[in-house]
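Novice: After the sequence you'll find the predicted model.
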Amino acid sequence: MMADKQVSFWNAAAERIFGYTAAEALGQELHALIVPPPAHAKFAQAFPHFQQSGEGPIIDKVIEVTALRKGGEEFPVELSVSATQFGGQWHAIGIVRDITERKRAEQNLKKSEALLNAMGRLAKVGGWEFNVETRDMIWTEEVYRIHELDTTYKPTVDKGIEFYAPASRPIIAKVVQRAIEYGEPYDVELEFITAKGNHRWVHAKGNVY
């Protein structure tokens, strides 16, 4: 919690996240303590208005920002700030969550997706995922190339089946439906027609997880 830019409350979770004990943090200027210098100017501009009204650009919002640990290490946090009055003075109450691991996982996922797309281009193998509960379908870049579509196209199971040649549609429709209903994997080779009308044979393989 903060008033007049100074820390007035610092709990055990804040001690773990930022590395400062309550004795070290209380009475210190908050932004000088835990916010990287480039963000100080914006705070200085917004704080007078907050003091008068309890309003500000981050009040009652959840945002992702960069914070500073004791020792100078920068790290990502999820920040929620609310305003309350004590003794006729506005105080800011901040709830902070360290999201370092989440950001690392997101970065690793992006790297994995990039690698998967690169491998798909080399091997001409596409991958897709269908969520049975939400009915959402995701294609890798190579699947779009196989279909001769750009990545703005929104795929569905039914639309995907329509790309197969008429004689192949009943087969792919049946194996996909059994995969959805019974969890049965499938492995078939069928004739396929791209969005540009080109006929191809594709090896379609599906597993349920």
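Specialist: Noted; the coordinates are in hand. Everything quoted here is computed from the prediction, not taken from an experiment. Numbers count the residues shown, from 1 in each chain.
Novice: So, low pLDDT: which residues of the protein?
Specialist: 1-3, 115-123 (pLDDT under 70).
Novice: at 80 instead, please
Specialist: Within the chain, the segments meeting pLDDT under 80 span 1-5, 43-44, 87, 108-124, 209.
Novice: could you pull out the helices for it?
Specialist: With DSSP state H as the criterion, the chain has helices at 12-18, 22-25, 30-34, 40-53, 100-123, 141-147, 157-162, 169-182.
Novice: Distance check, Arg145 against Glu133.
Specialist: According to C-beta to C-beta, to the nearest Å, Arg145 and Glu133 sit 28 Å apart. To be clear about C-beta, it is placed using only N, CA and C from the backbone, and glycine gets the same treatment.
Novice: Among those two, which residue is more densely surrounded?
Specialist: Arg145 (18 against 5; other C-beta atoms under 10 Å).
Novice: export the helices of the chain to JSON lines and tack on distance to Val81?
Specialist: As requested, these are exported to JSON lines (distance: least, C-beta to C-beta, whole Å):
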{"stretch": "helix 12-18", "distance to Val81": "14"}
{"stretch": "helix 22-25", "distance to Val81": "17"}
{"stretch": "helix 30-34", "distance to Val81": "11"}
{"stretch": "helix 40-53", "distance to Val81": "10"}
{"stretch": "helix 100-123", "distance to Val81": "20"}
{"stretch": "helix 141-147", "distance to Val81": "39"}
{"stretch": "helix 157-162", "distance to Val81": "43"}
{"stretch": "helix 169-182", "distance to Val81": "45"}
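Novice: Those: which one's closest to Val208?
Specialist: helix 169-182 (5.6 Å; C-beta to C-beta).
Novice: Flag every buried residue along the closest one.
Specialist: Ile171, Ile172, Ala173, Val175, Val176, Ala179 (16 or more other C-beta atoms under 10 Å).
Novice: Closest one of these to Asn108?
Specialist: Distances from Asn108 to the buried residues of helix 169-182, taken by C-beta to C-beta, are shortest for Ala179, at 28.4 Å.
Novice: how distant is stretch 4-21 from the center of its chain?
Specialist: The chain centre lies 28 Å from the centre of stretch 4-21; the measure is C-alpha atoms, centre = their mean, to the nearest Å.
Novice: then it to CSV, C-alphas only?
Specialist: Output in CSV follows, covering the C-alpha atoms of stretch 4-21 (Å, rounded to 0.1, in the frame of the first residue of the first chain):
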residue,chain,number,x,y,z
ASP,A,4,2.6,10.2,-0.7
LYS,A,5,4.6,7.8,-3.0
GLN,A,6,5.9,6.0,0.1
VAL,A,7,5.3,2.3,1.1
SER,A,8,3.0,2.1,4.1
PHE,A,9,2.3,-1.7,4.0
TRP,A,10,4.5,-4.6,2.8
ASN,A,11,3.5,-8.2,3.4
ALA,A,12,5.4,-11.4,3.4
ALA,A,13,4.5,-12.1,-0.2
ALA,A,14,6.0,-8.8,-1.3
GLU,A,15,9.2,-9.7,0.7
ARG,A,16,9.5,-13.0,-1.3
ILE,A,17,8.8,-11.4,-4.6
PHE,A,18,11.0,-8.3,-4.4
GLY,A,19,13.6,-9.4,-1.9
TYR,A,20,13.1,-6.5,0.5
THR,A,21,12.0,-7.1,4.1
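Novice: residues of it that come out buried?
Specialist: In stretch 4-21, counting by 16+ other C-beta under 10 Å, buried: Val7, Ser8, Trp10, Ala14, Glu15, Ile17, Phe18, Tyr20.
Novice: Noted, bye for now.
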